[in-house]
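**Q** Could you work out the structure for the sequence below:
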Amino acid sequence: MEWKIIVLNFLYAALGVMLMFITYRVFDWLTPQVDFPQELRKGNVAVAIFIAAIFVSIALIIGGALK
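**A** Next up, the predicted model:
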(Lines give C-alpha, C1' and ligand atoms only; values in the text may rest on other atoms or scores of the structure.)
Protein backbone atom coordinates (compact mmCIF):
# COMPACT_ATOMS: atom_id res chain seq x y z
CA MET A 1 0.00 0.00 0.00
CA GLU A 2 2.88 2.39 0.75
CA TRP A 3 4.38 1.86 -2.73
CA LYS A 4 1.05 2.77 -4.28
CA ILE A 5 1.11 6.16 -2.54
CA ILE A 6 4.71 6.82 -3.60
CA VAL A 7 3.98 5.94 -7.23
CA LEU A 8 0.86 8.09 -7.18
CA ASN A 9 2.87 11.05 -5.84
CA PHE A 10 5.42 10.65 -8.64
CA LEU A 11 2.62 10.55 -11.20
CA TYR A 12 1.12 13.74 -9.76
CA ALA A 13 4.54 15.40 -9.85
CA ALA A 14 5.06 14.38 -13.48
CA LEU A 15 1.58 15.62 -14.36
CA GLY A 16 2.31 18.94 -12.66
CA VAL A 17 5.58 19.40 -14.57
CA MET A 18 3.87 18.53 -17.85
CA LEU A 19 1.07 21.01 -17.21
CA MET A 20 3.58 23.72 -16.32
CA PHE A 21 5.50 23.09 -19.55
CA ILE A 22 2.30 23.14 -21.61
CA THR A 23 1.22 26.37 -19.94
CA TYR A 24 4.59 27.97 -20.70
CA ARG A 25 4.37 26.89 -24.34
CA VAL A 26 0.82 28.27 -24.66
CA PHE A 27 1.89 31.56 -23.11
CA ASP A 28 4.90 31.68 -25.44
CA TRP A 29 2.56 31.06 -28.38
CA LEU A 30 0.17 33.81 -27.23
CA THR A 31 2.98 36.39 -27.07
CA PRO A 32 4.83 36.03 -30.39
CA GLN A 33 6.38 39.50 -30.14
CA VAL A 34 8.55 38.42 -27.18
CA ASP A 35 11.24 35.79 -27.72
CA PHE A 36 11.64 34.56 -24.14
CA PRO A 37 14.71 32.32 -24.66
CA GLN A 38 16.55 35.08 -26.55
CA GLU A 39 15.69 37.66 -23.90
CA LEU A 40 16.95 35.33 -21.18
CA ARG A 41 20.23 34.81 -23.06
CA LYS A 42 20.62 38.61 -23.18
CA GLY A 43 20.27 38.69 -19.40
CA ASN A 44 16.88 40.40 -19.28
CA VAL A 45 16.04 40.15 -15.58
CA ALA A 46 12.48 41.40 -16.06
CA VAL A 47 11.69 38.49 -18.39
CA ALA A 48 13.26 36.04 -15.94
CA ILE A 49 11.13 37.39 -13.08
CA PHE A 50 8.03 37.30 -15.27
CA ILE A 51 8.60 33.66 -16.26
CA ALA A 52 9.30 32.74 -12.64
CA ALA A 53 6.03 34.41 -11.61
CA ILE A 54 4.17 32.42 -14.27
CA PHE A 55 5.71 29.16 -13.01
CA VAL A 56 4.90 29.94 -9.38
CA SER A 57 1.33 30.93 -10.25
CA ILE A 58 0.71 27.83 -12.33
CA ALA A 59 2.32 25.63 -9.68
CA LEU A 60 -0.05 27.03 -7.05
CA ILE A 61 -3.06 26.45 -9.29
CA ILE A 62 -2.00 22.91 -10.23
CA GLY A 63 -1.07 22.09 -6.64
CA GLY A 64 -4.49 23.20 -5.46
CA ALA A 65 -6.24 21.24 -8.19
CA LEU A 66 -4.31 18.02 -7.52
CA LYS A 67 -4.92 18.12 -3.77
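**Q** Helix, strand, or coil at residue 64?
**A** Three-state call for residue 64 (DSSP: H, G, I helix; E, B strand; the rest coil): helix.
**Q** So which bits of the longest helix along the chain are buried?
**A** Criterion DSSP state H: the longest helix present in the chain is helix 2-30. Using 16 or more other C-beta atoms under 10 Å as the burial criterion, the residues of helix 2-30 that qualify are 16, 19, 20, 23. Heads up, the C-betas are built off the backbone N, CA and C, glycines and all.
**Q** State the next helix or strand along the chain beyond it.
**A** As assigned by DSSP states H and E, the chain's next helix or strand after helix 2-30 is helix 36-42.
**Q** who's in contact with stretch 29-39?
**A** Contact with stretch 29-39 is made by 28, 47, 51, as judged by C-beta atoms under 8 Å, 6 or more residues apart in numbering.
**Q** okay, how far is it across it, tip to tip?
**A** When the termini of stretch 29-39 are compared using C-alpha to C-alpha, to the nearest Å, they are 15 Å apart.
**Q** for residue 32, phi and psi?
**A** The phi and psi values for residue 32, taken as degrees, to the nearest 10, are phi -70, psi -20.
**Q** how close does it sit to residue 2?
**A** 47 Å (C-beta to C-beta, to the nearest Å).
**Q** one step back: wait, which of the buried residues of helix 2-30 is closest to residue 55?
**A** Among these, residue 20 lies closest to residue 55 (C-beta to C-beta), at 6.1 Å.
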